[in-house]
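Trainee: sequence below, structure please.
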Amino acid sequence: MKGSIRKSNRTDNESAKMATGKGVIQGYTGVVAVDGKHQIIVEAQAHGTGSEQELLVPVVVAMKGIVTENSLITADAGYHSEENLKQLAAMEVEALIADNGMRSRDERFATQERHKAAPDPLYDKSPTGKKATTYQPSDFTYDAEAGTCVCPAGKSLYGHGSNCLTNGYVSIRFQGAQRDCVPCLHRARCLRSPEKTKTRQVAFFQGKAATTPESHTDRMKTRIDSPAGRVLYGRRFATVEPVFGNLRHNKGLDRFTLRGKTKVDAQWKLFCLVHNIEKLAHHRYAQ
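Mentor: Numbers count the residues shown, from 1 in each chain. Sure, this is the predicted structure:
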């Protein structure tokens, strides 16, 4: 959220604009921390923000008296950021936080697309994605062994640099010659600003440099991709998602009916309290 402007609402300036599957709405985000054994809600908060990333640490801090050295915090990719992982490491909190690419690295999700329901054309507001308007690196013919690169127009590019570092990643760069690029008929498709840029440059990334320090994200990927990490993280879905289902569908909290963070937070905590009372009753706690 650094440097960005958070728009307010005249009737509730503590709420926030949030993107959903049905478009942008004005509202609050309700988050909970759930005990993995009994599905008891141990912390609940409501915030006027559409970014889950900034809510992870406040919830963990609020559970300071509950989290022990044997506790494990799990959260989905919405809470993942390098800064969050850094803060959890500084707090010495054990956690498994998924990243956006976790499922693409897990062979168990290789066929997940076939199980997705067809989108409802009346309500599906998800972005369709923009097609690239210029040639991408994949449109160039790169020969790693020969160290050559040919553009879509069939012209060879000069090796502009090898083992270049970009944000800790090694890349090999190529650049076109002015005699080829300036009169080329592909300029409009090859350059974003053909009236300003004379030649095209393209880079092919080779992976992280050996000298690049391992980030908290790298360490988390190693942990969550391990057999033990997959088993532990796999329990998250069956632990917390049924709680949201109970609150939303069984208890009827499909929208907050109050305004102002204090009131909305109280309403959220009240419904979570009802959930906990129901859990205790089903386990015959009073008896």
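Trainee: only C-alpha atoms for contact and neighbour calcs from this point on.
Mentor: Fine.
Trainee: how about the helices in the stretch 1-150 of the chain?
Mentor: Along the stretch 1-150 of the chain, counting by DSSP state H, counting those that start in this stretch, helices occupy 56-62, 82-90, 102-105.
Trainee: which one, of those, ends up nearest to G252?
Mentor: helix 56-62 (24.2 Å; Cα to Cα).
Trainee: circling back: got the helices of the stretch 1-150 of the chain as a markdown table, with mean neighbour count columns?
Mentor: Formatted as a markdown table, those follow (neighbours: other Cα atoms under 10 Å):
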| stretch | mean neighbour count |
| --- | --- |
| helix 56-62 | 16 |
| helix 82-90 | 15 |
| helix 102-105 | 12 |
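Trainee: for those, which one sits closest to H38?
Mentor: The closest of the helices of the stretch 1-150 of the chain to H38 is helix 56-62. By Cα to Cα, the value is 18.9 Å.
Trainee: returning to what we had before: reformat the helices of the stretch 1-150 of the chain as TSV; add distance to A118.
Mentor: Shown next, in TSV, are the helices of the stretch 1-150 of the chain (distance: least, Cα to Cα, whole Å):
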stretch	distance to A118
helix 56-62	32
helix 82-90	34
helix 102-105	20
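Trainee: looking at these, which is nearest to K269?
Mentor: Closest among those, using Cα to Cα: helix 56-62, at 13.4 Å.
Trainee: could I get the helices of the stretch 1-150 of the chain as a markdown table with mean pLDDT and distance to P194?
Mentor: Shown next, in a markdown table, are the helices of the stretch 1-150 of the chain (pLDDT from 0 to 100; distance: least, Cα to Cα, whole Å):
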| stretch | mean pLDDT | distance to P194 |
| --- | --- | --- |
| helix 56-62 | 95 | 45 |
| helix 82-90 | 95 | 37 |
| helix 102-105 | 90 | 36 |
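Trainee: can you say which of those helices is nearest to N276?
Mentor: That would be, of the helices of the stretch 1-150 of the chain and by Cα to Cα, helix 56-62, which comes in at 17.9 Å.
Trainee: just the buried residues of the longest helix seen in the chain, please?
Mentor: For the chain, the longest helix by residue count, based on DSSP state H, is helix 261-282. By neighbour count with 16 or more other Cα atoms under 10 Å, helix 261-282 contains the buried residues 261, 264-265, 267-269, 271-273, 275-276, 279.
Trainee: three-state assignment of S162?
Mentor: Of the three states, S162 takes strand under DSSP: H, G, I helix; E, B strand; the rest coil.
Trainee: can you pull out the low-pLDDT segments for this structure?
Mentor: For the chain, the stretches with pLDDT under 70 are 1-4, 6-8, 119-129, 286-287.
Trainee: domains in it, by residue range?
Mentor: Per the record, the chain has its domains at 16-110+214-282, 137-208, by automatic domain parsing.
Trainee: circling back: of all the helices of the stretch 1-150 of the chain, which one is nearest D225?
Mentor: helix 102-105 (7.6 Å).
Trainee: what lies in contact with the closest one?
Mentor: Defining contact as Cα atoms under 8 Å, 6 or more residues apart in numbering, one finds that helix 102-105 is touched by 109-110, 221, 225.
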